[in-house]
Structure formats: structure tokens, C-alpha cells
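Student: After the sequence you'll find the predicted model.
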Amino acid sequence: MLLLNISHITSFIETLYSWIWSPALVGMCLLSALYFSLRTRFVQVRRFGEMCRLLFSTDKTQKTGITSFQAFAMALSGRVGTGNIVGVATAIGFGGPGAIVWMWVIAFFGAGSAFVEATLAQIFKENHHGQFRGGPAYYIEKGLRSTFFGCVFAVITALACGIFLPPVQCNGIALSMSQAFGVNTWVIGLAVALLLALVIIGGVKRIANVAQIVAPFMAILYIMLSIVVLIVHYRLVPGVFLDMLRGAVGAGPLGSAILGSTISWGVKRGIYSNEAGQGTGPIVAAAAKVSHPVKQGLVQAFSVYIDTLLVCTATAMMILACQTYNIIGSVQTSAVGESTVTYLQQNPAAPAGEPGVFYTIGAISTLLGQRAAANLVSIALFFFAFTTIMAYYYYAETNLIYLFSRFRRWHLRRMRQKEQNSKTLEQAEEAMDRADEVFGDDRSEKIAVWVLRVCTITAVFVGSMTSSGITWTLGDIGVGTMAWINLIAILLLSPKALRALRNYEKAKKRGEEPHFDPKELDIKGAEFWEEREN
């Protein structure tokens, strides 16, 4: 009976996953990205030079918050993860070389979504005890006047990013390093958990300080390695680009047979990888101290380019140029008209039907040998996954603080209403003082944050010794639900981001430093910027 119940639960979870991550979500991500690109007149192209310059620009008049580069590095930590190695190989394995071109397409248009959501996060951010907090939960509440849906988003994000997704990342670290170096998975899990504890206990400042060193370093090192591999195989590089372009448009009998799969895998892996529109990027974007919201919107749009156009492309080019992947030229058509393609993996270490990391190891092994390649990819996976776990924790902490602050506000309001309706004004003031005495020092909030830290660290350790399986599915359900809520929210709120963009560009055209005043733009709910003006 118990096994039957478990199988029913598993079946329900898998069905729910298929509903949430249906083609409708993929289509909505792509169409909304196209819409934002058109409405902003392709700001991700027009302001590309400014994106690079703003990486190292910050508002020195503000003592609160982190720098633009730290926010960029933290966002990059979340975007650049195991998907840049394993996910890209999987996209090629099941969608062919052309899938990479579709990843580029979704990244190009997705930068428009990243711009809008990051700008909104800056507009509606809060100063919470000397730290900027913001993201979808905040702009849903303040911009759409819906605390309920803000809380729904916050609960889902806290659970998905704080409990379900970190152990999956640690599981990938433990398995790859155990196979490469022969260390028990629990030892690796304990080491990762301890390192994570040292970082997250220091709060957002320490997370930002670690991210601004590790994230750019790991991305640059990985890209340099891919360049060396491509130099060795330089004769094959032109042919690789031709194969990718042909596959993207379904050229040839084999390409046309799998064109649908090519587009589907490319778009899905692109969305998974760069996270544009999912609602995670704006959580970090809100933490930056900038003089105008649009500045951080441009910086976050640039991080999408780094993730997909550089890091993902580095993996793809290595796999294809080193010929550790190929497709047998045969297509079988079933009775219902569905096409099935047989894949040939020219890497003997790769299990049948499991492209994943083995394609990448096979590519690097052509330069360094199998053992060294496995060790190097394991180290790269460690850095990619560890920084992603850091970013996950920050997402969860910010949304937990949002929930607690709203609960505290609701509780105080109830106490005030109750006391004012039943007692004299003097007694009501005494009741308010008692409430402030209980809640004012935020001891309960600190306890809740520490509980989250312990849960995340424990989940990471446990994840190193268990299979990801259902945990990964639950995490993906959470991320998918976040994407649905966030995409609807930013579509409804996009006029406010567009007003901010027009305000920014008008000031630039006049040769002035852009100045953001929400009252001038008829944007309500931007309390931080309103107080700054007063």
C-alpha cells in the first residue's frame, strides 16, 4: 500500500511538471522576450557598449547595497551552473548541433526580458536594515497591488531555492569528483556544506565578495580552455559553424526530420541556462546601489550574453570541433508519423543514451587525455555548481525576509486596529509599544534566517549521498511556477520599466546624468526612490 501511494505521488509530481513546463511556458518565454525586445527597440543592442561600462559603475553616494559588478557576479553565479556543461551537451545530444543556434536566439531576445525584470526590481526595491531587498515578490506587491501573489511567489522561491535545488547541485559535484578523484561522496558533501556555511553565514556582503572573484574567474578560465582546444582543432571550426547553421534551419533530410526537436531543445536549454524571465535575476539586481534603475537593467541583460553566448558556446564548440558527437544518417518514421533519430556517441566512456558531461570530457580529452580531462571537468563543475548554490541561498533568504516582514506588518496592523476599536487612545499606544517591543528587534526574523541556513546546509550534505530524482523535479516545478508568475507580472508592469528607459535615454541625449523621480513618471509604490528625493 505504501509503495502504491509513493508511486501515485511520483506520478502526480511528474504530471504536474509536464503541465508547468509545457510548450506553453516555453512559447511564453520566447514571445515575451521578443515583445520586450521590440518595445525597448532592442536596448540590448543599442546600449551594448554602455552595458560593459556600467559593470564597473556604482552610486558612491549610497552606503547601502552592493556594487553593480558584485550584483552582476552574483547573477552570473546563478546563471552559470552545471547546465553550461551538462545541459549544453544534452541539447546537442537530443537536438543536434542546430540546437545551439536556438540557444543563441533565446539569449539574444531573453536579454530584453532580463532588462525589464531587473529594472522593475530596482524601481520597487526596499532598504531592509541596511541592505537592499527586492525582486518579483516586491514588484508584484507594490506594482500590481497584490500581496497575496507576492507571498505565493516568495513561498515557492524559498522552498525551491532553499531546499530542493541546492542538494541537486551538490549531488552533481559529489558524483563527478568521486569518479574523478576516488573520494567518498559524503566526504565531498561535508566539505561543500562547510564551505557553503562559511560563505552564507556572512550574509549578502560575503556572498557578493566571493561571487565577484569566483564567478568571473571560472567563466574566463573555462572560455580560455575552450579556445585552446579550438586552436588545436582549428581546421574543423568553419565546418562546425556550418553544421550548426544548417541544423538550426533543418537543412538536409536529417536536419528537417529533427527540426522540431532542434528548436525545442535549444529553446528549453536556453531558458534553463540564462534564466531570463524566471524571476531569479531581479532578486540579485535589486541589491545593487545605482543612481537609476535602468543602469542595473542593462548590467543584468549583459549577464545573459555572458552565460549563453560565451560559456555555453564554449562547451558546444569543444564538443562539435573535437567530433565527440555525431548523428548516424538514418531516420526512422513510426506509424503515427513521428521521426526517431539514432545518435552515435564517439566517446566510449559515455553510457548509451546519456550524452551529458561525457561529451565535454571526451572533447577535452583530445587535448589532455581522459584522466586529466575528467579531473578538469570535475573541478569546473565544482565551481559552477557551488556558486549556483550560493545564489540559490540568497534567492531563498530574500524571499523569506519578504514573507516575515509582511507577516510582521500584518500582525502589527491587526493589533493596532483591535486596540483602537476597543480601548482608549492611551491604551492603544501602549499596545503598539508592546508590539514593537516584541517584533521591533527582529529577533524572530534572525531566527528564521538561521533556520533557513541550517536547512540549506543540511540539504546540501544529504544531497551528496542521495540521487537527485524527485528532488530535481520538485525544484523544477518551483522554478517553472516562478517563471509563470513572473512573466505575467513583468508583462503587466512593463510600461513602468519602459517609462524609466525613456527617462534615462532622454537625459543621456541631453548630455545629463540620468535622474530617476518616480513621481514625474507616475510610478507609484517606489518608496525608496520617493524617500531619496525628499
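Tutor: Sure thing, it's come through.

Student: Buried ones in the helix or strand where Ile231 lies, by neighbour count?
Tutor: Element membership for Ile231, per DSSP states H and E: helix 203-232. Residues of helix 203-232 classed as buried by neighbour count (16 or more other CB atoms under 10 Å): 204, 207-208, 210-212, 214-216, 218-219, 222, 225-226, 229-230. (Glycine included, C-beta is placed from N, CA and C.)

Student: same deal with stretch 69-81?
Tutor: 69-81.

Student: out of these, which are inside helices?
Tutor: Judged by DSSP state H, the buried residues of stretch 69-81 include 69-79 as members of helices.

Student: okay, those in CSV with pLDDT and distance to Glu531 next?
Tutor: Compiled in CSV, those are given as follows (pLDDT from 0 to 100; distance: CB to CB, whole Å):
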residue, pLDDT, distance to Glu531
Phe69, 78, 26
Gln70, 79, 23
Ala71, 80, 21
Phe72, 76, 26
Ala73, 79, 28
Met74, 78, 25
Ala75, 78, 26
Leu76, 75, 31
Ser77, 77, 30
Gly78, 75, 29
Arg79, 75, 32
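
Student: between these, which is closest to Ala107?
Tutor: Checking those against Ala107 with CB to CB, the nearest one is Arg79 at 10.2 Å.

Student: any idea how far Leu400 is from the closest one?
Tutor: Separation of Arg79 from Leu400 (CB to CB, to the nearest Å): 22 Å.

Student: What residues does Asp307 make contact with?
Tutor: For Asp307, the contact set (CB atoms under 8 Å, 6 or more residues apart in numbering) comprises 76, 79-80, 84, 107, 273-274.

Student: Would you mind giving those residues as TSV with distance to Ile173 added?
Tutor: Formatted as TSV, these follow (distance: CB to CB, whole Å):
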residue	distance to Ile173
Leu76	18
Arg79	18
Val80	15
Asn84	14
Ala107	26
Ser273	18
Asn274	22
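
Student: Select the longest helix from the chain.
Tutor: Assigned via DSSP H, the chain shows its longest helix as helix 370-422.

Student: tilt between it and helix 68-79?
Tutor: 110 degrees (axes from the mean of the first three to the mean of the last three CA atoms, to 10 degrees).

Student: what angle sits between helix 370-422 and helix 203-232?
Tutor: Counting by the same axes, to 10 degrees, helix 370-422 lies at 150 degrees to helix 203-232.

Student: centre of the chain versus helix 370-422, how much separation?
Tutor: 13 Å (CA atoms, centre = their mean, to the nearest Å).

Student: Then stretch 99-110?
Tutor: For stretch 99-110, the distance to the chain centre is 16 Å (CA atoms, centre = their mean).

Student: Could you shift the numbering so residue one becomes 41, and keep it that way?
Tutor: Will do, 41 is the new start, and the previous item becomes stretch 139-150.

Student: for the record, mean pLDDT for it?
Tutor: Model confidence over stretch 139-150, given as mean pLDDT, is 86.

Student: C-terminal to the helix holding Ile271, what's the next element?
Tutor: Taking DSSP H and E, what comes next after helix 243-272 is helix 277-289.

Student: give me every residue that touches Leu440.
Tutor: Leu440 neighbours (CB under 8 Å, 6+ apart): 194, 198, 202, 488-489, 492.

Student: Against Val519, how distant is it?
Tutor: From Leu440 over to Val519 (counting by CB to CB), the distance is 17 Å.

Student: repeat for Tyr435
Tutor: 10 Å.

Student: what do you get for Ala73?
Tutor: Ala73 sits 17 Å away from Val519, going by CB to CB.

Student: So the two - more neighbours on which side?
Tutor: Neighbour totals were compared for Ala73 and Val519, and Ala73 leads with 27 against 23 (other CB atoms under 10 Å).

Student: isn't that one right up against Ser153?
Tutor: Yes. In this structure, Ala73 is within contact of Ser153 by CB atoms under 8 Å, at 4.7 Å.

Student: Show me the common contact partners of these two, please.
Tutor: Joint contacts of Ala73 and Ser153 (CB under 8 Å, 6+ apart) are 316-317.

Student: Which residue in the contacts of Leu440 has the weakest pLDDT?
Tutor: On pLDDT alone, Ala488 ranks lowest of the contacts of Leu440, at 80.

Student: residue contacts, that residue?
Tutor: Contacts for Ala488 (CB under 8 Å, 6+ apart) come out as 440, 444.

Student: quick one: what helix or strand has it in it?
Tutor: helix 483-503.

Student: for Phe568, same thing?
Tutor: For Phe568, the host element (DSSP H and E) is helix 567-573.

Student: so how far is that helix off the chain centroid?
Tutor: Mean-position distance between helix 567-573 and its chain equals 29 Å (CA atoms, centre = their mean).

Student: What segments of the protein are strands?
Tutor: Residue ranges of the strands in the chain, as given by DSSP state E, are 166-168, 171-173, 366-373, 379-384.

Student: State the mean pLDDT of stretch 221-234.
Tutor: Averaging pLDDT along stretch 221-234 yields 84.

Student: send the alpha carbons of that stretch over as CSV?
Tutor: Taking Å, rounded to 0.1, in the frame of the first residue of the first chain, the C-alpha atoms of stretch 221-234 are listed here in CSV:
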residue,chain,number,x,y,z
PHE,A,221,39.4,11.5,-7.5
GLY,A,222,38.0,8.4,-5.8
VAL,A,223,36.7,10.3,-2.7
ASN,A,224,33.6,9.1,-0.9
THR,A,225,30.6,11.2,-1.8
TRP,A,226,29.7,12.0,1.8
VAL,A,227,33.2,13.5,2.4
ILE,A,228,32.7,15.8,-0.6
GLY,A,229,29.2,16.7,0.6
LEU,A,230,30.6,17.6,4.1
ALA,A,231,33.3,19.7,2.5
VAL,A,232,30.8,21.6,0.3
ALA,A,233,28.4,22.1,3.2
LEU,A,234,31.2,23.5,5.4
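
Student: Run through who's touching that stretch.
Tutor: For stretch 221-234, using CB under 8 Å, 6+ apart, the contacting residues are 210, 213-215, 217-218, 415, 418, 426, 429, 497-498, 500-505.

Student: again, only this time at 6 Å
Tutor: When contacts are defined by CB atoms under 6 Å, 6 or more residues apart in numbering, stretch 221-234 is touched by residues 210, 213-214, 217-218, 497, 500-501, 504-505.

Student: go on, stretch 253-270?
Tutor: Contacts of stretch 253-270 (CB under 6 Å, 6+ apart): 113, 116-117, 120, 277, 350-351, 354, 357-358, 361, 407, 420, 423, 427.

Student: let's go with 8 Å and repeat that
Tutor: Counting by CB under 8 Å, 6+ apart, 113-114, 116-117, 120, 124, 277, 346, 350-351, 354-355, 357-358, 361-362, 403-404, 406-407, 416, 420, 423-424, 426-427 sit against stretch 253-270.

Student: Pass me the low-pLDDT residue ranges in the stretch 141-290 of the chain, would you?
Tutor: 290 (pLDDT under 70).

Student: try 90
Tutor: Filtered on pLDDT under 90, the stretch 141-290 of the chain yields the residue ranges 141-148, 150-152, 154, 165-175, 183-188, 190, 196, 198-290.

Student: Please apply the same query to the stretch 291-440 of the chain.
Tutor: Looking at the stretch 291-440 of the chain by pLDDT under 90, you get 291-321, 324-434, 437-438, 440.

Student: give me that answer again for 70
Tutor: In the stretch 291-440 of the chain, residues with pLDDT under 70: 291-301, 363-398.

Student: which residues do Tyr435 and Val519 both contact?
Tutor: What both Tyr435 and Val519 touch, as defined by CB under 8 Å, 6+ apart, is the set Thr320.
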